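> Quick one: sequence and predicted model below, then my questions.
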Amino acid sequence: MKKVLVLFTALMVSLAVFTGCSSSGDGDKVYKIATDTTFAPFEFQDESGNYVGIDIDILAAIAEDQGFEYELNPLGFSAAVAALESNQADGVIAGMSITDERKLKYDFSEAYYDSGVVMAVSASNDEIKSYDDLNGKKVAVKVGTEGASFAESIAETYGFELVYFDESPFMYEDVVTGNSVACFEDYPVMGYGISKGNGLKIVTEMEKGSSYGFAVMKDKNTELLEMFNAGLENIIESGKYQEILDKYISVE
């Protein structure tokens, strides 16, 4: 009997480790929410090492409005999506573009931000001014982003080679050092990076991109998705949502 009890206990521990949501001390669900590590101004670390940003603040405001608890897991975009698919996370908020392809695997919230894509080059580069100037050259993109999708859609037309990165700072550095001549990035992310001295400049008009949404696996965690949508509507109506945007994106 003792052996059976030990095996049962071990099984329960394993389930607690490998399933998404856990429980707090009072028995309430604690949702595991995965996010990116460096996608400023949506998620990044401040000087104290705390994760902050538009996504982080929106999630916190919605959780407070709806009364649910969550554990934030900054993993990087690719790892965050992998965690969701392997049931290590209940949801992902990481500047994730809502696309038809992704809708086949995930259920998305209502859009919480409408983005767009721009091309940037080194601040000292006066030769690359348009897509036509990219022929035969290397262009950097971040895996899983709207910028990467857009660059892939025009790469053959303009004859450039793509170089992929998992983190935005590495992508920027590749352009600054001249290994790649340009990169494609979501406009608010690039604008924020330039304001913080990433060494780049925007040389194109913004291409319309997809909207960002909070994601869960298809047909799972519907209650979490419903709470996110309800909370989003409430913080928009209260003005909290705009307050968060104004905190990270300069209004001129």
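It's in. Just so we're clear, the structure is a prediction, and the values are computed from it rather than from any experiment. Numbers count the residues shown, from 1 in each chain.

> what residues are up against the closest residue to Gly95 other than its chain neighbours?
Of all residues beyond its chain neighbours, the one nearest Gly95 is Phe42 (4.4 Å), with distances taken as C-beta to C-beta, 6 or more residues apart in numbering. Yep, even glycine has a C-beta here, placed from its N, CA and C like the rest. Going by C-beta atoms under 8 Å, 6 or more residues apart in numbering, Phe42 touches 36, 53-56, 94-95, 188-189, 212.

> Next step: those residues restricted to helices.
In this view, these that belong to helices under DSSP state H are 54-56, 188-189.

> any idea how far Lys201 is from the residue nearest to Gly95?
From Phe42 over to Lys201 the distance is 21 Å, taken as C-beta to C-beta, to the nearest Å.

> can you check Leu59 too?
32 Å.

> and the residue nearest the centre of the chain, backbone torsions?
Centroid-nearest residue in the chain, with C-alpha atoms, centre = their mean: Ala94, separated by 2.1 Å. When read as degrees, to the nearest 10, the backbone of Ala94 gives phi -160, psi 50.

> Now for the residue nearest to it when sequence neighbours are not counted: which residues touch it?
Leaving aside its sequence neighbours, Ala94 sits nearest to Asp36 (C-beta to C-beta, 6+ apart; 4.0 Å). With contact taken as C-beta under 8 Å, 6+ apart, Asp36 is in contact with 42-43, 55, 74-77, 80, 94-95.

> If we use 7 Å, what do you get?
43, 76-77, 80, 94-95 (C-beta atoms under 7 Å, 6 or more residues apart in numbering).

> cool, and Gly76?
By C-beta under 7 Å, 6+ apart, the neighbours of Gly76 are 36-37, 166.

> Looking at these, which is nearest Asn87?
Distance to Asn87 across the contacts of Gly76 (C-beta to C-beta) is lowest for Asp36, with 19.5 Å.
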